[in-house]
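**Student:** A structural model of the following input is requested.
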Amino acid sequence: MTVYLVRRLIQALFVVLAMSVIVFVGVFAIGDPVEILISPDADQLERERAVAALGLDLPLWHQYLVFLGNALQGDLGRSFVFNEPALKLILQRMPATLELAFGAMFISILVGLPLGLYAGLRPNSPASKTIMAGSILGFSLPTFWVGLMLIMVFAVQLGWLPSTGRGETCSVLGFLGVQPCGAGLQWSFLTVDGLAHMAMPALNLALFKISLVIRLTRAGVRETMLMDYVKFARAKGLSPARVTFVHVFKNILIPVVTVVGLELGSTIAFSVVTESVFAWPGMGKLIIDSINVLDRPVIVAYLMIIVLMFITINLIVDLTYSMLDPRVRLETKGA
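**Tutor:** Numbering: from 1, shown residues only. Alright, predicted model coming up:
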């Protein structure tokens, strides 16, 4: 296990280094932030002074080396717009994005697993066919359109849920009564108002994942039901519930955990549309605003953090996979 972890960390280091080059060059190519940040009425001297202050007068390779040296010290640059450390801006928005992503994954598992299990156990029933037809809609409907429809129905017409914002927030220690609610990291799911604000964006973000979990679970159940150990368990006279939850459900969890874990990274990275539709103050909305004004340090810092998240999630998924299935061997013999 130790050898495997060291090997993965070395691989992660090379991946991060390669991605830093790709991201830095890609962001450099999308435009000149001076054209947006500096007034058109500014004279040439003022423009040159601003370019030098932002460090944009250096060659690209020199800018990258400066960025790399600062990154090794935990400094990913200062925002051109906010004049604050880019990492600080992202970390301030990260709790909002994380709770939205985890809320969406929780909904997808809570809804998708039972529906997929039922559809796999009774594939020819009308309810099962309805579930599978609904899963196709979940794959097909655009996220922004679903979000707008949710706002129109539940916020505008029915008035049940708020349409934008994060609502009232509270820290964990504040929720437990140890300190004031406004101190520390703020979370929406700890308050009733925050949960009401989370409901629609989390559901909107979860629709695609629900469909994925349903179809993945159904396929796993149909395949597992044909296995010899399931037939043997039935022949022993075990109850259908025991066969389903002990012999079938445990084995289908392996691919489900793998895919859901990997999808968590994409949910965090691609929550941009949902955050924009519902004005959710997370990292996705910050990156959209930064792209609009070509705030390079924030864009680069965001993309690097997303890369680190993907690497970390992949490692956790691999370790979880090995715990669910003892046959999986993380160590490679003879390497």
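
**Student:** Residue 267 - how many residues pack around it?
**Tutor:** Applying other Cβ atoms under 10 Å, we find 24 residues neighbouring residue 267. Where C-beta positions appear, they are placed from N, C-alpha and C, glycine not excepted.

**Student:** Poorly predicted segments of the stretch 151-300 of the chain, please.
**Tutor:** Applying pLDDT under 70 to the stretch 151-300 of the chain flags residues 173-184.

**Student:** Swap in 80 and give it another go.
**Tutor:** By pLDDT under 80, the weakly predicted segments of the stretch 151-300 of the chain are 170-186, 226-230, 233-234, 236-241, 243-251, 253-255, 257-258, 261-262, 269-270, 293-294.

**Student:** List the residues that contact the residue nearest the centre of the chain.
**Tutor:** The centroid of the chain falls nearest to residue 268 when counting by Cα atoms, centre = their mean (1.7 Å). Taking Cβ atoms under 8 Å, 6 or more residues apart in numbering, we find residue 268 in contact with 97-98, 101, 283, 306, 309.

**Student:** could I get the strand or helix carrying it in CSV with only the CA atoms?
**Tutor:** Using DSSP states H and E, residue 268 falls within helix 249-269. In CSV, the C-alpha atoms belonging to helix 249-269 read as follows (Å, rounded to 0.1, in the frame of the first residue of the first chain):
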residue,chain,number,x,y,z
PHE,A,249,-26.4,-5.1,-3.8
LYS,A,250,-22.9,-5.4,-2.4
ASN,A,251,-21.4,-6.5,-5.7
ILE,A,252,-23.0,-3.8,-7.8
LEU,A,253,-21.6,-1.1,-5.4
ILE,A,254,-18.1,-1.6,-6.8
PRO,A,255,-18.8,0.0,-10.3
VAL,A,256,-21.3,2.5,-8.8
VAL,A,257,-18.8,3.8,-6.2
THR,A,258,-16.1,4.1,-8.9
VAL,A,259,-18.3,6.1,-11.3
VAL,A,260,-19.9,8.2,-8.6
GLY,A,261,-16.5,9.1,-7.2
LEU,A,262,-15.2,10.1,-10.5
GLU,A,263,-18.4,12.0,-11.3
LEU,A,264,-18.0,14.0,-8.0
GLY,A,265,-14.9,15.7,-9.6
SER,A,266,-16.8,16.6,-12.7
THR,A,267,-19.8,17.9,-10.6
ILE,A,268,-17.4,20.2,-8.8
ALA,A,269,-15.7,21.4,-12.0
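
**Student:** For it, list every residue counted as buried.
**Tutor:** 249, 251-258, 260-261, 263-265, 267-269 (16 or more other Cβ atoms under 10 Å).
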